[in-house]
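>>> I would like to see how this sequence folds:
(one chain, ligands or ions: 1)
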Amino acid sequence: MLSELTNKIVTAVKSFGKGKPTENQVDTILRNIRIALLESDVSLTVVKNLISSLKKKIDNKISDFGIVESEFIIESLHDEILMLLGGYEAVKNKYKKRKTSRNYVEQSSENEILEELDTENTKKTKIKHHPLNQISNFNKDLEDIVDKFSLASSDIKNEVEIPISKTENGSTPIIMMLGLQGSGKTTTTAKLAYYLSKTFNKKILVVCLDVYRPAAYKQLSILSKSGGYELIGNNDTNDINSILQEYFEFTEKNKYDFIIFDTAGRTVSDNKMMLELKNIYDTVHPTECLLVMDSLSGQSTVGVAQEFNSIIKLDGFILTRIDSDTRGGAALSLKACLNLPIKFIANGEKIEDLEIFNPERIASVIVGRGDIENIVKKTKENFKNINTEKLQKGRTDFNEILLQLQGIKKMGNFKGIASMLPAMSGITNKINQFDDNGEIDRMISIIKSMTKKERIYPPLVITSKTRRRRICIGSGRNNRDFDKLIKFYQKTKELISKISNMKDKSSMNKIINNLFKN
Ligand SMILES: Nc1nc2c(ncn2[C@@H]2O[C@H](COP(=O)(O)OP(=O)(O)OP(=O)(O)O)[C@@H](O)[C@H]2O)c(=O)[nH]1
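I've put the predicted structure just below:
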């Protein structure tokens, strides 16, 4: 997601290394950011405004302090992008939190992540191959990860609100999906219904008014089997009025939390089709008209959105195919040009590939800080069995170690994680190597050969040679493998007790909850 733009932005700012670029170098950095944005198909007006605002901030900094740090440039760019995407409140809150706006970069905890980016790329750490060192390094890296998460996760919201307006009289909100042919309306209608149903436990009715493409009804009907929504429509008619009549009769007797209308794809120049859309609008009175746009269309989405908005009052956008979009031109241009929010993004072909648009997450990805939220989400899924109460008390045993090792395996081969959080690429390579060598499987098999008592009370196996011999024979492993597991256990215990001894208990609990609790 947005990898091309991210690479160009990171290269533009990092081309002069860390530290303090000269004024000439700042000009080059700004020029390179401008080129990166234009090449990513961001609207020219948007780019001009962004660069001018960024330049103003940098000039103010130089006139106050005589210098500007590259971290300041990244931080300011992040804020500008965040505001472009609709995250004005988030930027305002950040300044409020940091109390002083002038020195905010010096206080910026996330700068460490950026520094890490530099070091990861320049120092080329040699991995020591001795297995015990590997385990120590692994645990040292885990500490780094915990540090980074503790900085980053404090900003992650646990409460998610559905970005659909409530009706004034408390009636069921009606969402109307519209857009060009093939932009992804039907797939997205099913995804949205599924998302609202599965994530928020809402009762959903979908009405298929895409009567010109028989496959649309069939598609919605097949997808409705995954659960999540009821469907009204008819494969055998292209009479919209008869479907609407059925809808009114049906909703007289049945109540829903949300109703979603899928409409046929159309261009604004097709008067007949636009008149039909206007009639649907006037008949069903939607609470939200969401224009479904293909993010691969870049800034040309702006013109299309303006045309639709001149005929049907839009309330926001859903961007599809974000999974294939490496440039982000549509996301960065739409909100700024129309002053309407992007409400959801679709990032794949599967029914669960839809999420609420989160400007902070996208801004963070664009400036190279990675997709921390996604990692936290993945971590939560894969480590959901971890006993958080024990963690909070700083305790662990072999049962917990087993769950952690199984969680690490489930995280996949970590290449995906490296792409979500570039600063972690060095770490994930090490974990990959650790996994490739079969270390994790060997440790798992040793733990599985322990008795219940031994798993709960690790000193039993650490001190007893007979138990060690029996476990090694039972698991088919040798003394060396056994030592590696013990070392891993001891290091993990140290790390966990370090987390639980954090002075700020509330932030420690928040990290643990953010990472491991569903
Ligand atoms: N990779 C990817 N493919 C998507 C996404 N959303 C939709 N698609 C695919 O895009 C194609 C078109 O999607 P539809 O939902 O049929 O598009 P539509 O706008 O309803 O089409 P019309 O009714 O003809 O206007 C399908 O093959 C979808 O699987 C997405 O977020 N990512």
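
>>> now the residue lying closest to L178 once chain neighbours are set aside. Its backbone dihedrals?
Nearest residue to L178 in three dimensions, chain neighbours excluded: T263, at 5.1 Å (C-beta to C-beta, 6 or more residues apart in numbering). Any C-beta I mention is one placed from the backbone N, CA and C, and that applies to glycine too. With angles defined as degrees, to the nearest 10, T263 sits at phi -120, psi 170.

>>> please apply the same query to the one 10 residues further on.
As for M273, its main-chain torsions (degrees, to the nearest 10) stand at phi -70, psi -30.

>>> what's the burial count for it?
16 (other C-beta atoms under 10 Å).

>>> that one contacts N279, doesn't it?
No. Contact criterion C-beta atoms under 8 Å: M273 and N279 do not qualify, at 10.7 Å.

>>> returning to that earlier point: the residue nearest to L178: what's it in contact with?
By C-beta atoms under 8 Å, 6 or more residues apart in numbering, T263 lies in contact with 176-178, 185, 209-210, 277, 280.

>>> rerun at 10 Å
For T263, the contact set (C-beta atoms under 10 Å, 6 or more residues apart in numbering) comprises 176-179, 185-186, 189, 207-211, 216, 240, 273, 276-277, 280-281, 289, 292.

>>> ok, K56 - contacts?
Listed by C-beta under 10 Å, 6+ apart, the contact set of K56 reads S76.

>>> try it again at 7 Å.
Contact partners of K56, counting by C-beta atoms under 7 Å, 6 or more residues apart in numbering, are absent.

>>> please apply the same query to the one 5 residues further on.
With C-beta under 7 Å, 6+ apart as the criterion, the residues that contact K61 are 68, 72.

>>> tell me the pLDDT at it?
pLDDT recorded at K61 is 87.

>>> could you number the chain from 501 rather than 1 from now on?
Fine by me, first position is 501 from now on; the one you just mentioned is K561.

>>> how much space between it and I856?
Per C-beta to C-beta, to the nearest Å, K561 is found 34 Å from I856.

>>> again, but for T751
From T751 across to I856, the span is 26 Å (C-beta to C-beta).

>>> cool, D564 as well?
38 Å.

>>> between those two, which one's more packed in?
Neighbours were counted for D564 and for I856 using other C-beta under 10 Å; I856 has more, 15 against 10.

>>> up against the ligand, what does the stretch 601-750 of the chain have?
Applying C-beta under 6 Å from any ligand atom, we find that the stretch 601-750 of the chain lies next to the ligand at 679, 681-688, 710, 713, 716.

>>> apply 5 Å and report the result again.
Residues of the stretch 601-750 of the chain lying close to the ligand (C-beta under 5 Å from any ligand atom) are 681-687, 713.

>>> would you list the buried entries among these?
683-687, 713 (16 or more other C-beta atoms under 10 Å).

>>> could I get these as JSON lines with secondary structure?
Listed next are those as JSON lines, based on DSSP: H, G, I helix; E, B strand; the rest coil:
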{"residue": "S683", "secondary structure": "coil"}
{"residue": "G684", "secondary structure": "coil"}
{"residue": "K685", "secondary structure": "helix"}
{"residue": "T686", "secondary structure": "helix"}
{"residue": "T687", "secondary structure": "helix"}
{"residue": "R713", "secondary structure": "coil"}
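
>>> just for the stretch 801-950 of the chain, where's the confidence low?
Along the stretch 801-950 of the chain, the model assigns pLDDT under 70 to residues 870-892, 894, 910-937.

>>> excluding residues flanking it in the chain, which one is nearest the residue of the stretch 851-1000 of the chain found nearest the ligand?
With C-beta to the nearest ligand atom as the measure, D853 is the residue of the stretch 851-1000 of the chain nearest to the ligand, at 5.9 Å. Using C-beta to C-beta, 6+ apart and skipping residues adjacent in sequence, the residue nearest D853 is N847, 5.1 Å away.

>>> repeat for F808
Spatially, and ignoring its direct neighbours in sequence, F808 is nearest to L791 (5.5 Å; C-beta to C-beta, 6+ apart).

>>> ditto for V784
I674 (5.8 Å).

>>> check contacts around the closest residue to the ligand within the stretch 801-950 of the chain.
With C-beta to the nearest ligand atom, the shortest gap between the stretch 801-950 of the chain and the ligand falls at A846, namely 3.3 Å. Residues in contact with A846 (C-beta under 7 Å, 6+ apart) are 684, 688, 691, 818, 820-822, 853-854.

>>> so which of those residues sit within helices?
Residues of the contacts of A846 located in helices (DSSP state H): 688, 691.

>>> secondary structure element holding I760?
Applying DSSP states H and E as the criterion places I760 in strand 758-763.

>>> now that strand: buried residues?
Across strand 758-763, burial judged by 16+ other C-beta under 10 Å covers 758-763.

>>> redo these as a markdown table? Include pLDDT and distance to L902.
As requested, these are arranged in a markdown table below (pLDDT from 0 to 100; distance: C-beta to C-beta, whole Å):
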| residue | pLDDT | distance to L902 |
| --- | --- | --- |
| F758 | 97 | 42 |
| I759 | 97 | 47 |
| I760 | 98 | 44 |
| F761 | 97 | 49 |
| D762 | 97 | 47 |
| T763 | 96 | 52 |
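
>>> before we move on, the earlier item: tally of neighbours for the residue of the stretch 851-1000 of the chain closest to the ligand?
D853 has 18 neighbours, counted by other C-beta under 10 Å.

>>> pretty sure it contacts S824?
No. With contact defined as C-beta atoms under 7 Å, D853 does not reach S824; the gap is 11.7 Å.

>>> quick one, phi psi at D794?
phi -80, psi 120.

>>> the ligand versus that one, what's the distance?
Distance of D794 to the ligand, computed by C-beta to the nearest ligand atom, to the nearest Å: 8 Å.

>>> can you tell me the SS state at the spatially most distant residue from the centre of the chain?
Centroid-distance maximum for the chain: T966 at 49.0 Å, with C-alpha atoms, centre = their mean. Secondary structure state of T966, per three-state DSSP, is helix.

>>> so who does it touch?
Taking C-beta under 7 Å, 6+ apart, we find T966 in contact with no residue.

>>> give me the residue from the protein nearest the ligand.
Proximity of the chain to the ligand (C-beta to the nearest ligand atom) peaks at G765, 2.3 Å away.

>>> could you find the closest non-adjacent residue to that residue?
Excluding its sequence neighbours, the residue lying closest to G765 (C-beta to C-beta, 6+ apart) is Q681, at 3.2 Å.

>>> let me know the pLDDT of the one you found.
With respect to pLDDT, Q681 has a value of 94.

>>> thought it was touching M773?
No. Using C-beta under 7 Å, Q681 is not in contact with M773; the gap is 10.1 Å.

>>> joint contacts of those two?
With C-beta under 7 Å, 6+ apart applied, the contact sets of Q681 and M773 do not overlap.

>>> look at K909 and give its secondary structure.
Quick answer, by three-state DSSP: K909 is helix.

>>> tally of neighbours for the residue nearest to it when sequence neighbours are not counted?
In this structure, K909 finds its nearest non-sequential neighbour in I940, 5.7 Å apart by C-beta to C-beta, 6+ apart. I940 has 18 neighbouring residues, counting by other C-beta under 10 Å.

>>> buried residues in the helix or strand encompassing Q745?
Assigned by DSSP H and E, Q745 belongs to helix 740-753. Neighbour counts over helix 740-753 (16+ other C-beta under 10 Å) mark 740, 743-744, 747, 751 as buried.

>>> which helices and strands sit right next to the host helix or strand of F808?
If you go by DSSP H and E, F808 is part of helix 800-811. The contact analysis (3 or more C-beta pairs under 7 Å, 6 or more residues apart in numbering; DSSP states H and E) places helix 800-811 against strand 788-794, helix 829-838.

>>> 8 Å instead?
helix 771-784, strand 788-794, helix 829-838 (3 or more C-beta pairs under 8 Å, 6 or more residues apart in numbering; DSSP states H and E).
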